[in-house]
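Peer 1: predicted model and sequence follow; I will ask about them next.
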Amino acid sequence: MPQEGNGMKNILFVFAVCAILIFSSLGKATFAGSLRIVVPPDNTYVESDLISVVLKDWPTMVDEITISVNGKKQALPAGPFNRYVACYGGIYLSYGRNKITVTALKKGKVIEELTRQVFYRSDLSANAAGAPASFKQYFFHTPGNEGGCSQCHNLDFRKAGEPEAPDQSPCYKCHKKIMSEYKFAHGPSAVWSCLLCHDGKSRERKLAAAAPIDGKCFNCHENAWEKKKYRHGPTAAGACTICHNPHGANRPNFLRMAPQDLCPSCHEEILSQPHVVMGFSGKGHPLYLSPNPLNRNRDLTCVSCHNPHGEDSDVFLNGYDESKSQKRFCTTCHRS
């Protein structure tokens, strides 16, 4: 009898373990395994610092979704969630490779976690000038992507030309974050006349901006450098958006960075060697953090001496050409 009792106990123990494993697996299947990242695709690259993340089919018991980029959590609207699709626009990327992590939680407990690798390609960073060979360029506005979004979103872009009000533009709902955090708004963006710059007719890459972009820019902005003997690289290439953000910025002239950061992103040598001349201090000409002798209300920057678009001087000295001595240019400030 004792042996029979022990055998029964062993059977009950095995049955209990199996039951725990079965119910645990059922519980796990109930909570996880269904969350999907619709966009962006994995291993892709973009040429903008903002991207949208679209999720689908997460478990109904999830009460929080978080999205982080390279470990930094992004600001998202709070739950609860009552649908199986959610669009999060305005997710910020850093230059180069970005790991986007989407986490589904229930009462603070991680239920499921997915990742995407997205590369932000930009000529303003040596480490981001070229995307990995295995990464494909990603465009959102394609027939395939829009087909799934048109059920909830108005994608009739004929009203994106001159909307009566910003929220009447079909672009506004997804892209409003582009403008909400800028101190200065570019004219077309300020009134949401997106089709002034974006092509609304193309089918395969709808709403892509023209490349080179200068043709669009000079529809409004005078091309004052066309007849200059020398033109700065981005100007010559018609790539205005390398230096200027076409939507808006927190700096005058819609510069993507302050001049002292923007210029060295290509002209790295000015940070590693004396600029212009070696002074009595053993250092080169100051590049910034010094008062501008011609305008005491502004600091000295690269554009205090150089025209960033073009000039008749091979080093783009403001208002000077090769027939004049560069020393005369220096006496503009250094009169004694």
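Peer 2: Happy to help now that I have it. Numbers count the residues shown, from 1 in each chain.

Peer 1: helices along the stretch 201-336 of the chain, start to end?
Peer 2: Here the stretch 201-336 of the chain has its helices, by DSSP state H, counting those that start in this stretch, at 214-217, 233-236, 259-262, 269-272, 326-330.

Peer 1: turn those helices into JSON lines, including distance to residue 88, mean neighbour count and mean pLDDT.
Peer 2: C-beta coordinates here come from the backbone N, C-alpha and C atoms, glycine included. Below are the helices of the stretch 201-336 of the chain laid out as JSON lines (distance: least, C-beta to C-beta, whole Å; neighbours: other C-beta atoms under 10 Å; pLDDT from 0 to 100):
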{"stretch": "helix 214-217", "distance to residue 88": "29", "mean neighbour count": "17", "mean pLDDT": "89"}
{"stretch": "helix 233-236", "distance to residue 88": "32", "mean neighbour count": "16", "mean pLDDT": "92"}
{"stretch": "helix 259-262", "distance to residue 88": "29", "mean neighbour count": "18", "mean pLDDT": "88"}
{"stretch": "helix 269-272", "distance to residue 88": "37", "mean neighbour count": "11", "mean pLDDT": "78"}
{"stretch": "helix 326-330", "distance to residue 88": "51", "mean neighbour count": "12", "mean pLDDT": "81"}
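
Peer 1: make JSON lines out of the ones you listed and add distance to residue 73.
Peer 2: Listed next are the helices of the stretch 201-336 of the chain as JSON lines, based on distance: least, C-beta to C-beta, whole Å:
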{"stretch": "helix 214-217", "distance to residue 73": "36"}
{"stretch": "helix 233-236", "distance to residue 73": "34"}
{"stretch": "helix 259-262", "distance to residue 73": "26"}
{"stretch": "helix 269-272", "distance to residue 73": "32"}
{"stretch": "helix 326-330", "distance to residue 73": "50"}
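
Peer 1: what's the residue closest to the geometric middle of this structure?
Peer 2: The centroid of the chain falls nearest to residue 49 when counting by C-alpha atoms, centre = their mean (0.4 Å).

Peer 1: quick check, that residue in contact with residue 124.
Peer 2: No. Between residue 49 and residue 124 there is no contact under C-beta atoms under 8 Å: 10.3 Å.

Peer 1: the helices of the stretch 201-336 of the chain: which one's closest to residue 291?
Peer 2: Nearest of the helices of the stretch 201-336 of the chain to residue 291, taken as C-beta to C-beta: helix 259-262 at 14.2 Å.

Peer 1: name the surrounding residues that touch the closest one.
Peer 2: With contacts defined as C-beta atoms under 8 Å, 6 or more residues apart in numbering, helix 259-262 is touched by 124, 243, 255-256, 287-289, 301-303, 308.

Peer 1: equivalent analysis for stretch 165-179, please.
Peer 2: By C-beta under 8 Å, 6+ apart, stretch 165-179 touches 50, 52, 87, 89-90, 153-157, 159-160, 163, 185, 189-192, 194, 247-248.

Peer 1: also stretch 210-221?
Peer 2: Identification of contacts with stretch 210-221 by C-beta under 8 Å, 6+ apart yields 187, 196-197, 199, 209, 223, 235, 237-241, 246.

Peer 1: any idea of the pLDDT on residue 230?
Peer 2: Per-residue pLDDT puts residue 230 at 94.

Peer 1: contacts only, for it.
Peer 2: For residue 230, the contacting residues are 310-314, 316, by C-beta under 8 Å, 6+ apart.

Peer 1: is it true that residue 251 touches residue 184?
Peer 2: Yes. Assessed by C-beta under 8 Å, residue 251 is found in contact with residue 184 at 7.2 Å.

Peer 1: sorry, back to before: from the contacts of stretch 210-221, pick the one nearest residue 275.
Peer 2: Out of the contacts of stretch 210-221, the member with the shortest distance to residue 275 (by C-beta to C-beta) is residue 235, at 21.5 Å.

Peer 1: please enumerate the strands of the stretch 1-150 of the chain.
Peer 2: In the stretch 1-150 of the chain, the segments counted as strands under DSSP state E, counting those that start in this stretch are 36-39, 44-46, 50-56, 64-69, 72-73, 85-92, 96-106, 109-120, 136-137.

Peer 1: remind me which residues of the stretch 51-200 of the chain are low pLDDT?
Peer 2: Applying pLDDT under 70 to the stretch 51-200 of the chain flags the ranges 59-60, 78-83, 159-161.

Peer 1: per-domain residue ranges of the protein.
Peer 2: As assigned by automatic domain parsing, the chain contains the domains 36-138, 139-209, 210-330.

Peer 1: list the beta-bridge partners for residue 98.
Peer 2: residue 118 (DSSP bridges).

Peer 1: state the distance from residue 287 to residue 147.
Peer 2: Residue 287 sits at a distance of 51 Å from residue 147 (criterion: C-beta to C-beta, to the nearest Å).

Peer 1: which of those two has more neighbours?
Peer 2: Per other C-beta atoms under 10 Å, whichever of residue 287 and residue 147 has more neighbours is residue 287, with 19 against 10.

Peer 1: kind regards, and thank you for your time.
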